[in-house]
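Novice: for reference, the sequence and a predicted model appear below.
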Amino acid sequence: MNVEGFQADILAEPEALARVADAYGAGGLPSVDGRRVLLIGMGSSAYASHTAAALLRARGHDAHVELASTGTPQPAATDTLAVVVSASGGSEETGEAMARHSGVSTVVAVTNRDDSELARGSDVVVPVLAGPEEGGIACRSYACTLAVLLLAAGADGDAVRRAAESLAELIARRAEWLPPLAELAEGGAGVWASAPAERIGSALQSALMLREAPRIVADGCETGDWLHVDVYLTKRPGYRLLLMPGSRYDAGVMEWGAERGFDGVCVGREAAGATATIPIAGHDEHVVACLTETVVAELLAAELWRRHPI
């Protein structure tokens, strides 16, 4: 892994999202109609799957997410579409999960390596078109994987294009918002992230980027659940929160911010009481929010890594 490559991978995300929209925006992805959809993966692949499964369920589909490493897997079935998700195509756990479904369920591999073992063992291969990640960290492949899954779940290709445009604009003005955000993070005990349940992948991926690149304390939480589990951390000084608004529980989190005096930075749109807001054009649109907001944590991770090499 290297910070220069990581930064370059992040900056190339808008172009990669546009490429996915061009390839799949008009169709061409496996149909999920009438099937039970089981999304299987590890790490960021599982995070993207959670966000996509929420959209599938909201549209009336029977959709579930399973960590490939589970010791109690859901059984293979002829009416199941087993979607195995792995950017590298080489995840041992995901390969084992694929083998459980092979020959019974219809297996779809969503991967950045269409020449991988995962791709060779599936019934259908869907390349995510992210290209090689020179930094060795799944950032651009996360965005492209999520875009492919959202399109398969019924999202519109034009929404992915709008996300690419919003992302390019956010990146272009990073000199305005990134230095103060990095200084705030440097003065804290860690960085936490929260997002609504329907975009939980954003919080989990944001925290992973901060753990994997600069290796700082970071974790992700669902915003409503934050009031039950993460609120306790705010008793200690140095709590820093990246809040991705859109939950009806945002106000409750910000009330605790006022009472406990911790710093909460809103990513995408403003919430009353936030220390600062990093606006993203079109963030009130679900697909745009899903595909743009994690870049704030990615660029923060690259900046902290550059300032404090490990």
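Specialist: Structure's in. What do you need?

Novice: how about the CA coordinates for stretch 281-297, as PDB?
Specialist: The C-alpha trace of stretch 281-297 is given here as PDB (Å, rounded to 0.1, in the frame of the first residue of the first chain):
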ATOM      1  CA  ALA A 281     -24.300  18.700  -4.600                       C
ATOM      2  CA  GLY A 282     -27.400  16.500  -4.900                       C
ATOM      3  CA  HIS A 283     -26.800  14.800  -1.600                       C
ATOM      4  CA  ASP A 284     -30.500  14.700  -1.000                       C
ATOM      5  CA  GLU A 285     -30.700  12.100  -3.800                       C
ATOM      6  CA  HIS A 286     -30.100   8.600  -2.400                       C
ATOM      7  CA  VAL A 287     -27.800   7.200  -5.100                       C
ATOM      8  CA  VAL A 288     -25.700  10.400  -5.200                       C
ATOM      9  CA  ALA A 289     -25.300  10.300  -1.400                       C
ATOM     10  CA  CYS A 290     -24.300   6.600  -1.400                       C
ATOM     11  CA  LEU A 291     -21.700   7.100  -4.100                       C
ATOM     12  CA  THR A 292     -20.100  10.400  -3.000                       C
ATOM     13  CA  GLU A 293     -20.000  10.800   0.800                       C
ATOM     14  CA  THR A 294     -17.300   8.100   1.500                       C
ATOM     15  CA  VAL A 295     -14.800  10.200  -0.500                       C
ATOM     16  CA  VAL A 296     -14.600  12.700   2.400                       C
ATOM     17  CA  ALA A 297     -13.200  10.000   4.700                       C
END
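
Novice: what average pLDDT does it get?
Specialist: Stretch 281-297 carries an average pLDDT of 98.

Novice: so where do the strands sit in the stretch 151-300 of the chain?
Specialist: 191-195, 218-222, 240-243, 263-268, 276-279 (DSSP state E, counting those that start in this stretch).

Novice: most packed of these?
Specialist: strand 191-195 (a mean of 29; mean count of other Cβ atoms under 10 Å). (Each C-beta comes from the backbone N, C-alpha and C, glycine too.)

Novice: after the lowest-mean-pLDDT helix or strand in the chain, which helix or strand is next?
Specialist: Least confident helix or strand of the chain, by mean pLDDT, DSSP states H and E, is helix 117-120 with a mean of 94. As assigned by DSSP states H and E, the chain's next helix or strand after helix 117-120 is strand 124-127.

Novice: ok now that next one, how far from the chain's centre?
Specialist: Put simply, strand 124-127 sits 20 Å off its chain's centre (Cα atoms, centre = their mean, to the nearest Å).

Novice: buried set for that strand?
Specialist: Within strand 124-127, the residues scored as buried using 16 or more other Cβ atoms under 10 Å are 125, 126, 127.

Novice: next one: stretch 223-230
Specialist: Here stretch 223-230 shows 223, 224, 226, 227, 230 as buried, counting by 16+ other Cβ under 10 Å.

Novice: over to stretch 288-300?
Specialist: In stretch 288-300, counting by 16+ other Cβ under 10 Å, buried: 288-300.

Novice: returning to what we had before: now tabulate the buried residues of stretch 223-230 in JSON lines and tack on pLDDT.
Specialist: Listed next are the buried residues of stretch 223-230 as JSON lines, based on pLDDT from 0 to 100:
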{"residue": "223", "pLDDT": "98"}
{"residue": "224", "pLDDT": "98"}
{"residue": "226", "pLDDT": "98"}
{"residue": "227", "pLDDT": "98"}
{"residue": "230", "pLDDT": "97"}
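
Novice: return the subset of these lying in helices.
Specialist: 223, 224, 226 (DSSP state H).

Novice: looking at the residues you listed, which is nearest residue 45?
Specialist: Of all those, residue 45 sits closest to residue 223, with 22.8 Å by Cβ to Cβ.

Novice: identify the residues contacting the closest one.
Specialist: Contacts for residue 223 (Cβ atoms under 8 Å, 6 or more residues apart in numbering) come out as 194, 195, 196, 197, 243, 244, 247, 249, 250, 253.

Novice: what's the closest of the residues you listed to residue 3?
Specialist: Looking across the contacts of residue 223 and measuring by Cβ to Cβ, the closest to residue 3 is residue 244, at 24.4 Å.
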